[in-house]
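J.: Predicted coordinates and the sequence they were generated for:
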Amino acid sequence: MRDFLLGLAFAIGGGVVIAVAQTYPTMPSLQYGPSLFPSLIGAGMLIGGALLALSQVRVLAARRHAPEDPGLSRYDYLGLALSLVPCALIVFYILAAETLGAGLCMLLSMWLLMLMRGAKWWLALGVALVVSLIVTLLFSRYLLIPLPEGVLLPQSLAWIG
Amino acid sequence: METFLQGLAMVFNAQTLLVIVAAAVFGLFVGAIPGLTATMAVALLVPITFYMDATPAIAAIVATSAMAIFAGDIPGTYLNIPGTPASAAYVGESYRLARQGRARETLGTNLLCSVFGGLFGTLVLVFVSPSLAEVALNFSSFEYFWLALLGLSCSIFIAIGSRLKAFLSLTVGLLLSTVGLDMMSGAPRFTFGVPDLMAGVNFIPVMIGMFALNEIMLFYGSRNEARSVPAMAKDSVFRHAPATLRRYWRNMLRGSALGTLIGALPGAGADIAAWIAYALGKSRSKEKEKYGSGHIEGIVDASSANNSGISGAWVPALVFGIPGDTITAIVIGVLYMKGMNPGPTIFMNGGSQVYALFTVFFVANLMMLPLGYLAIRASKIFILTPRKMLMPVILTFCIVGAFAINNSVTDIWIMLVIGLVAFVLARNDFPMAPAILGLVLGGTLENSFMSSMLKSGGDLLAFFERPISAALGALVILIWLLPTLIKHIRRLRRPAAATAGDEK
């Protein structure tokens, strides 16, 4: 079922890519313009996706007559939601780092993720604190990357340098 | 001679040697912890190497990848869980040996085979690539077009599992490579008005998303952390090794040669080298029946092959700029950033730089011996390191590492989106290597095609007019037809085999 949907997604994506590619300018002096490669890739996605979806239609049709497998029908939604937590924390970092500062955002994200898997709260807090200090030190002092310092604790890490 | 000594001096100084040791220890950790791959180790390392000189930066990558591939054997032996996919082929064999109380002996043999394989691959790199580079000097855009296409075709043909899925994965990488300003017309493509995308999608955030964020998501989705403390072995690491290696030196040589060759094929890395070497070793063995029950011979072939594959992958990467595996795909990005454009001219103009590069390979592989020995003695540390504490730390490194390349938040978004796409694709058995190759080679493919067409005035037949170009073109078409041909040959054989069976 998932292969069918993915195939469909690829086919639709391919169609969109081709449509977008047609809007690119063509130059009269050249036989092949900037739209050629995107169009070819789009066609590849369209055909490949359609083939993948069609190959699953046969499997799905065959399964409709077969007795339902309980293991297959129950999808692990909780697992999927949990696997999205790291992504949510990345978005949190992007949005909050300017105000909270990179170090604090790292600390909170790491602590939360460690607690999620049942680490002891004080141990997790300690590890998260040490790691975020090391990362901030390594990147902003040694490698001179302008990690956002935040407005809550301005200059609070000045003692590191 | 002078350039050679200059090259040596670039490696044998305190800074570079320190970087090699630190990188090797880092590779050891990442490789020994299941779920963290050697490619992930390299992708996380790149933001830091970005701020080093070329030689220590490459030294760090070589040492990390070689060490991670060996270290993958440690949890494989003790826990029956391969630390990196490259150890998966013989994990059953080494686990059974450990159950017989021979864990350290097994790892000692693994270590020696890994060092031998790495050095073998390095020798091939040293002796083959300069002469290949001389051939490559005569290449024009026509040849490079076919080479890029050959690399992409190989990555699909070699892929384990569905070729259709490998092809779709490739289209994702190719599509990403078209983002940015078009080389010929200057028209922006797929930039969605984001100025940071004008120069194209940066490799490094894509790699971090594909190989690190993706694994973190899989870890949090799985929710099990079964980790039992295994019985610790007390046997000697190296006592039986001389006898084993004397007995199976042919396997070591065969595994290394095969591994180098497979490593050099685009899209096939250390993991595929190990699987094929294990299968070949089994089929050529005098004691086939012992395979699968804890037989040390089964480890020799594959353990040499995965490390030689790591070195072999550098041959096409350095000579043609076509990566042999996912690690060298990252390396090509690093080389460009360091101003060492991969291609035949590296061997002509580089001089001391090339000698330094070769020396780094020897030093990094030899360094494996003492560090690997210590790691075997201290295996417990890696096995007891809890992933629930480690994965959040890796996520932090992903975010900061993606940001550090250009100091741009856009790169964090790119990492996030690619990580999500890779997660969906990997969970549905799409291989990742074709996507990476597509991203790295897409630009070469399009630019060589466009400049060829400019030269020939749009005549497609020009691709077959130069002799080397025509031969490469024929090879590409052969690879395309190969799956169909194999199917036909099997169909022709099957009725014959069936009638032969009836006669018995």
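T.: In hand now; what should we look at?

J.: Tell me where chain A has strands.
T.: Remark: no strands are assigned in chain A by DSSP state E.

J.: Tally up the residues packed near residue 104, please.
T.: Just so you know, I chose chain A. 20 (other Cβ atoms under 10 Å in any protein chain shown). Every residue, glycine included, has its C-beta placed from N, CA and C.

J.: think we crossed wires, I meant chain B
T.: B:Arg104: 23 neighbours (other Cβ under 10 Å).

J.: residues in contact with it?
T.: The contact partners of B:Arg104, by Cβ atoms under 8 Å, 6 or more residues apart in numbering or on different chains, come to B:233-237, B:376-377.

J.: Remind me which helix or strand it belongs to.
T.: Using DSSP states H and E, B:Arg104 maps to helix B:103-136.

J.: Would you mind getting the angle between the next helix or strand after that helix and helix B:103-136?
T.: The helix or strand immediately downstream of helix B:103-136 is helix B:141-158, counting by DSSP H and E. Our comparison of helix B:141-158 with helix B:103-136, counting by axes from the mean of the first three to the mean of the last three Cα atoms, to 10 degrees, yields an angle of 150 degrees.

J.: All the helices of chain A, residue numbers only.
T.: Taking DSSP state H to define them, one finds helices in chain A at A:2-21, A:36-65, A:70-73, A:77-83, A:85-100, A:102-116, A:121-136.

J.: Just name the most buried of these.
T.: Of all the helices of chain A, helix A:102-116 carries the top mean neighbour count, a mean of 22, counting by mean count of other Cβ atoms under 10 Å in any protein chain shown.

J.: chain center to that helix, what's the gap?
T.: Remark: helix A:102-116 is offset 18 Å from the chain centroid, using Cα atoms, centre = their mean, to the nearest Å.

J.: quick check: mean pLDDT across that helix?
T.: Per-residue pLDDT over helix A:102-116 has a mean of 92.

J.: same question, stretch A:6-16
T.: Mean predicted lDDT for stretch A:6-16 stands at 93.

J.: can it be found next to chain B?
T.: Yes: interface with chain B: stretch A:6-16 contributes A:6, A:10, A:14 (Cβ under 8 Å from any Cβ of the partner chain).

J.: List the buried residues of the helix holding B:Arg104.
T.: B:103-126, B:129-130, B:132-133, B:136 (16 or more other Cβ atoms under 10 Å in any protein chain shown).

J.: what's the answer for stretch B:271-280, then?
T.: B:271-278, B:280.

J.: quick one: which of the residues you listed is nearest to chain A?
T.: Comparing those against chain A with Cβ to the nearest Cβ places B:Ile272 closest, at 22.3 Å.

J.: Please tell me how far that closest one sits from B:Leu152.
T.: As judged by Cβ to Cβ, to the nearest Å, B:Ile272 and B:Leu152 stand 16 Å apart.

J.: just to revisit the earlier point, what average pLDDT does the helix holding B:Arg104 get?
T.: Helix B:103-136 comes out at a mean pLDDT of 90.

J.: Point me to the residue of the stretch 151-300 of chain B nearest chain A.
T.: Closest point on the stretch 151-300 of chain B to chain A, by Cβ to the nearest Cβ, is B:Gly221, at 3.2 Å.

J.: That residue reaches A:Pro86, doesn't it?
T.: No: taking contacts as Cβ atoms under 8 Å, B:Gly221 lies outside contact range of A:Pro86: 9.9 Å.

J.: nearest residue to the residue of the stretch 151-300 of chain B closest to chain A other than its sequence neighbours?
T.: Of all residues not flanking B:Gly221 in the chain, A:Ser83 sits nearest, at 3.2 Å (Cβ to Cβ, 6 or more residues apart in numbering or on different chains).
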